[in-house]
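**Student:** Have a look at this prediction, sequence included:
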Amino acid sequence: MAEKDITTKTIESYNDVFADIVNVFLFDGKKVIQDNELIPADVLSQYKADGKIHGQERDVSKYWHNAGIKIAFIGIENQSQPDKFMPMRVIGYDAAIYRGQLKANRDKNTADKLYCPAITLVVYFGKTDWNYGKNLFDCLDIPEELVPFVNDYRLNFYSMKDLNDEQIKKFRSDFKIIAEFFKAHQSGTEYHPTDKKLEHPEETMDMISVFAGDNSFRDEYNSLPEETKKGGISMCEIYDNIIQKGIAQGIAKGRAEGIAKGIAEGRAEGRAEGRAEGEAKGKAELVKNLLAIGRSIKEIAEFFKTDESEIQGLIAMDN
């Protein structure tokens, strides 16, 4: 869980990615916020409860400036698991921003100036549905007669697994590659990587590797020559390299297992039969790995230059 948090915060901390996320989720892809208008904000704040000072930390936050004027404070909170009381947590984060502005302006004798708004986006990366409410009212047990007098608080909530293709197309940064992969991985649909050059390839591969539970993406990028990295690399190139290496390794593994079995049986026919069986087992293992990273049966059949029925047979054999 900690590794997911770290990799997500790292990629979102880049201005181009942060602005892209906000522009798509809040403004339907219109480039309202420019990269160079964002400056880092302190993610740490404090609150007092039971006579004690407590600390709280946001995931990623930035101030949006334009022409030197502070327009808004924007924070992103990432969730891998549903949280029933997320609206209450967000209230605490936003309240800390308003308290901080109030204190700063009082210290400067400018307490009468208007303050900038605090906006929080909750981005959900979980596999299951968010079955909890997204408003403060969903966290409270309110007597009916008090309902008109209690202010509600709504989450700006966005579920990655529920993004449709049109929404994903609106991303312009490396977050588009992450959204495309995440959608295919979570839904089990075909994954078609883009040939767009990555601006933050290492961080993008780290995040995809962590969420997929497969270090192939991270390892493949790290194995590339430095001149290739400097020239720019796309997810399409990395993905194809992984597939080709996987096929070669699977075939080699199958041959080795087959020869070993044949030698152990001490018969020429056993050696041939063993090789065939070993190759089939190696292919079955490779098919399982390809399915795990989002390849469809049709695509796998094309890679092996065979029909889909053979791939179905390998899957059944592995089970």
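**Tutor:** Arrived safely.
**Student:** quick one, strands of the stretch 151-300 of the chain?
**Tutor:** All strands of the stretch 151-300 of the chain, identified by DSSP state E, counting those that start in this stretch, fall at 156-159.
**Student:** Can you show me the helices along it?
**Tutor:** Residue ranges of the helices in the stretch 151-300 of the chain, as given by DSSP state H, counting those that start in this stretch, are 165-169, 175-187, 201-212, 216-223, 226-231, 235-265, 268-292, 297-304.
**Student:** So which elements touch the second one?
**Tutor:** Taking 3 or more CB pairs under 8 Å, 6 or more residues apart in numbering; DSSP states H and E as contact, the helices and strands that helix 175-187 lies on are helix 2-12, helix 15-27, helix 165-169, helix 201-212. The C-beta positions use only the backbone N, C-alpha and C, and glycine is treated the same way.
**Student:** how about 7 Å then?
**Tutor:** Secondary-structure packing of helix 175-187 (3 or more CB pairs under 7 Å, 6 or more residues apart in numbering; DSSP states H and E): helix 15-27, helix 165-169, helix 201-212.
**Student:** quick one: that helix to helix 216-223, angle?
**Tutor:** 140 degrees (axes from the mean of the first three to the mean of the last three CA atoms, to 10 degrees).
**Student:** for the last one, same thing?
**Tutor:** Angle of helix 297-304 versus helix 216-223, following the same axes, to 10 degrees, is 40 degrees.
**Student:** Quick check: which helices or strands does helix 297-304 pack against?
**Tutor:** Packed against helix 297-304 by the contact rule (3+ CB pairs under 7 Å, 6+ apart) you find helix 308-318.
**Student:** Can you tell me what sits against the helix it packs on?
**Tutor:** Applying CB atoms under 7 Å, 6 or more residues apart in numbering, the contact partners of helix 308-318 are 280, 283-285, 287-288, 297-298, 300-301.
**Student:** what does stretch 215-230 give?
**Tutor:** 201-202, 205-206, 208-209, 233, 238, 241-242.
**Student:** what's the answer for stretch 185-193, then?
**Tutor:** The contact list for stretch 185-193 (CB under 7 Å, 6+ apart) reads 127, 161, 181, 184, 212, 235-236, 239, 294-296, 299.
**Student:** Just to be sure, residue 73 is in a strand?
**Tutor:** Yes: using DSSP: H, G, I helix; E, B strand; the rest coil, the assignment for residue 73 is a strand.
**Student:** Assess the claim that it and residue 118 are in contact.
**Tutor:** Yes: using CB atoms under 7 Å, residue 73 is in contact with residue 118, at 4.6 Å.
**Student:** quick one: common contacting residues for those two?
**Tutor:** Listed as contacting both residue 73 and residue 118 by CB under 7 Å, 6+ apart are residue 97.
**Student:** So for these two, which sits in the more crowded spot?
**Tutor:** Per other CB atoms under 10 Å, whichever of residue 73 and residue 118 has more neighbours is residue 73, with 23 against 20.
**Student:** List the contacts of residue 3.
**Tutor:** Shown in contact with residue 3 (CB under 7 Å, 6+ apart): residue 210.
**Student:** Tell me the confidence at it?
**Tutor:** For residue 3, the pLDDT comes out at 84.
**Student:** returning to what we had before: buried ones from the contacts of helix 308-318, can you make that a ChimeraX selection?
**Tutor:** Selection of buried members from the contacts of helix 308-318 for ChimeraX, criterion 16 or more other CB atoms under 10 Å:
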select :280,283,284,285,287,297,300,301
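**Student:** Closest one of the contacts of helix 308-318 to residue 174?
**Tutor:** If you rank the contacts of helix 308-318 by distance to residue 174 using CB to CB, residue 300 comes first, at 26.8 Å.
**Student:** what's the closest one in contact with, if anything?
**Tutor:** For residue 300, the contact set (CB under 7 Å, 6+ apart) comprises 287, 290, 311.
**Student:** Looking at those residues, which is nearest residue 64?
**Tutor:** So of the contacts of residue 300, ranked by how close each gets to residue 64 (CB to CB), first place is residue 290, at 42.6 Å.
**Student:** Quick check: can you list the domain ranges of the chain?
**Tutor:** Annotated domains of the chain cover 2-162, 191-319 [automatic domain parsing].
**Student:** what's the closest of those domains to residue 174?
**Tutor:** Closest approach to residue 174 among those (CB to CB): domain 191-319, 4.7 Å.
**Student:** Quick check: residue 195 touching residue 236?
**Tutor:** Yes: contact status for residue 195 versus residue 236: in contact at 4.4 Å, counting by CB under 7 Å.
**Student:** Neighbour count: those two, which is higher?
**Tutor:** residue 236 (15 against 8).
**Student:** what residues are up against the more buried one?
**Tutor:** For residue 236, the contact set (CB under 7 Å, 6+ apart) comprises 193-195.
**Student:** With distance to residue 83 and pLDDT added, can I get those residues in a markdown table?
**Tutor:** Converted to a markdown table, the contacts of residue 236 look like this (distance: CB to CB, whole Å; pLDDT from 0 to 100):
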| residue | distance to residue 83 | pLDDT |
| --- | --- | --- |
| 193 | 32 | 83 |
| 194 | 32 | 81 |
| 195 | 37 | 83 |
